[in-house]
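> A predicted structure for the sequence below; I have some questions about it.
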Amino acid sequence: MAAVSFPPGRASAHADVTFVPDLQFAAPGGRPLLADLHLPARLQAPAPAILWIHGGGWRSGNRHVGPDLSRFFAAGGFAMIAIDYRHSGRAIFPAQIEDVKTAIRWVRRIAAEYGLDASRIGLWGASSGGHLAALAALTGDDGFTPDDALYREYSSGVRAVVEGYGPIDFLQMDAHRPPPGTRSEDPDSLVLPRPDMRSEDADSYESLLLGAPIGTCPQRVRDANPVTYASAGAPPFLIMHGLCDTTVAPHQSELLYEALAVHGNDVTLALVEGLGHGFFNRTDLDDRGTHRITMVGKGPAGTTRVAVDAPVFATVAAFFRQALS
């Protein structure tokens with residue numbers, strides 16, 4: 001098969017990767033939202049595409065916050081697309097999930113131009129980006145879709161999701177968060193800007209996302225919680241969480257795992273010893289060696305738990321390689 005060609009970008013720091021930055025995929029309110037593409041440079045067939053959705057409490061961050069997408073994934077044959085979305089200081093929910101779904105549809109629109117396989121799209125999100133990845137995957141083409149004629153003909157469904165340490169049920173976060181003063185064993189862990197912050201506070205990330213304290217707007221909370229939409233027929237999920245996370249407790253990932261597993265979906269929960277919040281952002285994460293990961297899944301005899309020693313990024317890549325094959 002002839003090699004796939006696409007418009008020129010600029011050289012990446014990594015061999016066999018082309019970097020195409022600053023592509024506009026939407027402009028809600030007249031303000032552009034941008035995406036960066038990290039593309040395998042020598043494609044023999046259209047590449048599976050993975051959208052990276054950054055964290056930052058829906059309040060900060062941008063598409064540049066994350067690991068080296070060229071080094072770990074584009075060089076391995078995946079087309080990686082890092083996207084921006086509106087912060088909660090600019091627009092409250094559901095603006096953020098609308099932007100993610102628009103980005104998925106935009107990827108399908110440009111797929112042929114850039115050598116992407118529109119039928120093999122995955123999502124990978126961290127923290128608030130993990131929340132958005134789960135929400136987008138579980139709602140598919142239902143809801144949270146702007147009535148935009150440009151994208152109306154494209155689906156926002158995806159084939160696979162890696163969800164990292166994201167909020168899943170806002171009303172259960174405080175009960176399971178470690179008490180103020182608790183320190184993560186992971187020295188590089190991201191922590192809450194205020195040690196005593198609680199999700200029920202009016203200035204919490206969750207309340208600012210919804211535009212009101214979460215205890216005062218139950219329907220908005222329900223609409224924003226990914227766990228609300230768990231049902232049969234979800235795409236395969238790999239859910240990863242550090243056991244030393246003091247910002248979003250691992251219980252949140254356990255909730256998502258159980259909600260998906262009870263409906264018979266293909267889902268694995270990976271609990272990583274020694275890691276706190278934000279570990280996906282660290283390009284050097286696996287340079288220190290492997291990590292002890294407990295893989296939780298459902299088998300014929302019920303729940304299975306297997307401890308393995310493995311690199312985090314290789315675990316993510318192996319999941320996508322299988323799920324997007």
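The structure has been received and is ready for your questions.

> now the strands for the chain?
Across the chain, reading from the start of the chain, the strands by DSSP state E fall at 10-11, 17-26, 33-40, 47-53, 79-83, 116-126, 160-164, 237-242, 267-272, 291-299, 302-310.

> looking at the ones you listed, which is closest to R90?
strand 33-40 (10.6 Å; Cβ to Cβ). In this view, the C-beta of every residue, glycine as well, is placed from N, C-alpha and C.

> returning to that earlier point: need the strands of the chain in a markdown table (columns: distance to Q172 and mean neighbour count).
A markdown table is the format used below for the strands of the chain (distance: least, Cβ to Cβ, whole Å; neighbours: other Cβ atoms under 10 Å):
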| stretch | distance to Q172 | mean neighbour count |
| --- | --- | --- |
| strand 10-11 | 45 | 10 |
| strand 17-26 | 32 | 18 |
| strand 33-40 | 31 | 22 |
| strand 47-53 | 22 | 26 |
| strand 79-83 | 28 | 26 |
| strand 116-126 | 19 | 23 |
| strand 160-164 | 16 | 28 |
| strand 237-242 | 14 | 26 |
| strand 267-272 | 16 | 23 |
| strand 291-299 | 19 | 16 |
| strand 302-310 | 20 | 11 |
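
> what's the spacing between the residue nearest to Y85 when sequence neighbours are not counted and P179?
Here the nearest residue to Y85 in space, its sequence neighbours aside, is D99; by Cβ to Cβ, 6 or more residues apart in numbering that works out to 3.8 Å. Noted for D99: a distance of 35 Å to P179, by Cβ to Cβ, to the nearest Å.

> quick one: which of the two has more around it?
Neighbours per residue, other Cβ atoms under 10 Å: of D99 and P179, the larger number sits with D99, 23 against 8.

> ok, D188 - contacts?
By Cβ atoms under 8 Å, 6 or more residues apart in numbering, the contact list for D188 reads 276, 278-279, 282.

> If we use 10 Å, what do you get?
Listed by Cβ atoms under 10 Å, 6 or more residues apart in numbering, the contact set of D188 reads 275-279, 281-282, 284-285.

> Kindly state the pLDDT recorded for the closest residue to A314 other than its chain neighbours?
With Cβ to Cβ, 6+ apart as the criterion, A314 has its nearest non-adjacent residue at 7.1 Å, and that residue is D286. Looking at D286, its pLDDT reads 97.

> Give me the neighbour count for D286.
As a measure of burial, D286 has 17 neighbours, counting by other Cβ under 10 Å.

> from the contacts of D188, which is closest to I214?
H277 (19.6 Å).

> G89: which of the strands of the chain is closest?
Taking Cβ to Cβ as the criterion, strand 33-40 is the member of the strands of the chain that comes nearest to G89, at 15.0 Å.

> ok, the closest one: who's next to it in the sheet?
Counting by DSSP bridges, the strands paired with strand 33-40 are strand 17-26 (antiparallel), strand 79-83 (antiparallel).

> Using PDB, write out every CA atom in the last one.
This points to strand 79-83. Extracted in PDB, the C-alpha atoms of strand 79-83 (Å, rounded to 0.1, in the frame of the first residue of the first chain):
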ATOM      1  CA  ALA A  79      -1.600  10.000  15.600                       C
ATOM      2  CA  MET A  80      -1.800  12.200  18.800                       C
ATOM      3  CA  ILE A  81      -4.000  15.300  18.900                       C
ATOM      4  CA  ALA A  82      -3.700  17.600  21.900                       C
ATOM      5  CA  ILE A  83      -6.700  19.900  22.300                       C
END
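
> just how off-centre is that strand within its chain?
Distance of strand 79-83 from the chain centroid (Cα atoms, centre = their mean, to the nearest Å) equals 11 Å.

> what's the answer for stretch 239-246, then?
On the basis of Cα atoms, centre = their mean, stretch 239-246 is displaced by 14 Å from the centre of the chain it belongs to.

> And for stretch 75-83?
Per Cα atoms, centre = their mean, the displacement of stretch 75-83 from the mean C-alpha position of its chain is 14 Å.
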